[in-house]
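Chemist: Just a sequence and a predicted model for now, questions to come.
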Amino acid sequence: MRVFTTLPQEDLRKVGPAAQAIEAEGYDGVASMENKHDPFLALAVAGAATERIELHTSVAIAFARTPMAVASVGWDLAGATGGRFVVGLGSQVRAHNERRFSVPWTPPAPRMREYVQVLRAIWRCWKTGERPNYEGQHYRFTLMTPNFAPEPIDGAPPAVTIAAVGPAMLKVAAEECDGVKLHGFCTRKYTEAAVMPRLTEGLAKTGRKARTTRSRAAAFSPPAPTTRLSPACSNGCASASPSTARPRPIGRSWRCTGSRISATSSMR
């Protein structure tokens, strides 16, 4: 079990001290969201201010960016943080893609599969010198000249996780990714009956075991003055009031010190 919390993305000047305090309190990592602010900037500041905690986008909107743009920022953040950065991607819904991001809409699961594949192809090119030769229905990567290839980084490129709720995206997560980010409203019943069987099936197709990948669940804070188990997330997610929460064991060792937490664990 690993416990994450969020950062004050509204003001980058607050991020460094907040990240240091989070690390000192024993959290395993921090997650940024793409709601009102860019999800990568705060993690860059947090990464420079810390030494141990993982740094996750949770999530960055994939289709609003080219794979090359995400590959570049992921490569730089992984290199600058000693491999602590994890790419978390989400498709968002059709209305936001078309009307907020000006992005044409296509079925998201096949497109996300290609997105993850081309990310890895770009990183292999930069890491090993592999010739760029990816051509899909949605994305293409066939050119990389020395002038535009970044310097090498120590360690592996970032792990890639995606947000998934339905069967098609869960299949992509299991077959292509290093982990899955579940919605905060997923119940234990849905997780056990719908999520885990599809993940297990997809992992088996790739010859991987569940313990080698990650699942993530989030809990949101209600306007209540106590720390409690959320009835909307019966799989053990903890929720708490931002003004009164203090470090304490909850349920199965879940802890909360702020308005929103997330916990990650191996998919077993």
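Modeler: Yep, that arrived.
Chemist: all helices of the stretch 51-200 of the chain, in order?
Modeler: Ranges of helices in the stretch 51-200 of the chain, per DSSP state H, counting those that start in this stretch, are 67-80, 94-95, 108-128, 167-176, 188-190, 196-205.
Chemist: Can you name the residues in contact with the second one?
Modeler: The contact list for helix 94-95 (C-beta atoms under 8 Å, 6 or more residues apart in numbering) reads W105. For every residue, glycine as well, the C-beta is placed using N, CA and C.
Chemist: State the mean pLDDT of that helix.
Modeler: The average pLDDT within helix 94-95 is 98.
Chemist: now swap in stretch 202-222 and tell me
Modeler: pLDDT averaged over stretch 202-222 gives 68.
Chemist: Stretch 33-46 now?
Modeler: 98.
Chemist: swap in stretch 49-62?
Modeler: In this model, stretch 49-62 carries a mean pLDDT of 98.
Chemist: If you count neighbours, what's buried in it?
Modeler: Neighbour-count burial for stretch 49-62 flags 50, 53-62 (criterion: 16 or more other C-beta atoms under 10 Å).
Chemist: was I right about R111 contacting F63?
Modeler: Yes. Using C-beta atoms under 8 Å as the test, R111 is close enough to F63 to be in contact (6.8 Å).
Chemist: still on that earlier bit, need the helices of the stretch 51-200 of the chain in CSV (columns: mean neighbour count and distance to L7).
Modeler: Output for these, formatted as CSV (neighbours: other C-beta atoms under 10 Å; distance: least, C-beta to C-beta, whole Å):
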stretch, mean neighbour count, distance to L7
helix 67-80, 20, 14
helix 94-95, 10, 27
helix 108-128, 20, 23
helix 167-176, 21, 24
helix 188-190, 13, 28
helix 196-205, 16, 28
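Chemist: Make TSV out of these and add distance to T5.
Modeler: Shown next, in TSV, are the helices of the stretch 51-200 of the chain (distance: least, C-beta to C-beta, whole Å):
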stretch	distance to T5
helix 67-80	19
helix 94-95	29
helix 108-128	26
helix 167-176	23
helix 188-190	22
helix 196-205	25
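Chemist: And those helices: which comes nearest D154?
Modeler: Closest of the helices of the stretch 51-200 of the chain to D154 is helix 67-80, at 7.0 Å (criterion: C-beta to C-beta).
Chemist: Can you give the contact residues for that closest one?
Modeler: Helix 67-80 is touched from outside by 40, 43-44, 47-48, 55, 60, 62, 84-85, 87, 89, 115, 118-119, 122-123, 126, 139, 141, 150-151, 153-158, with contacts defined as C-beta under 8 Å, 6+ apart.
Chemist: Same check on stretch 37-48?
Modeler: For stretch 37-48, the external contacting residues (C-beta under 8 Å, 6+ apart) are 7-10, 12, 15-16, 18-19, 30, 32-33, 53, 55-60, 73, 77, 80-81, 84-85.
Chemist: Same check on stretch 156-164?
Modeler: Stretch 156-164 has contacts (C-beta under 8 Å, 6+ apart) with 56, 59, 62, 74-75, 77-78, 83, 85-91, 112, 116, 119-120, 123, 126-127, 169-170, 172-173, 176-183, 214, 216.
Chemist: make it 6 Å
Modeler: For stretch 156-164, contacts defined as C-beta atoms under 6 Å, 6 or more residues apart in numbering pick out 59, 74, 78, 85-90, 116, 123, 170, 173, 177-181.
Chemist: Likewise for stretch 141-148?
Modeler: By C-beta under 6 Å, 6+ apart, the residues outside stretch 141-148 that reach it are 118, 121-122, 125, 132, 134.
Chemist: Identify the residues contacting the residue nearest to F141 when sequence neighbours are not counted.
Modeler: Spatial nearest neighbour of F141, excluding adjacent residues (C-beta to C-beta, 6 or more residues apart in numbering): Y134 at 4.3 Å. Counting by C-beta under 6 Å, 6+ apart, Y134 makes contact with 118, 121, 141.
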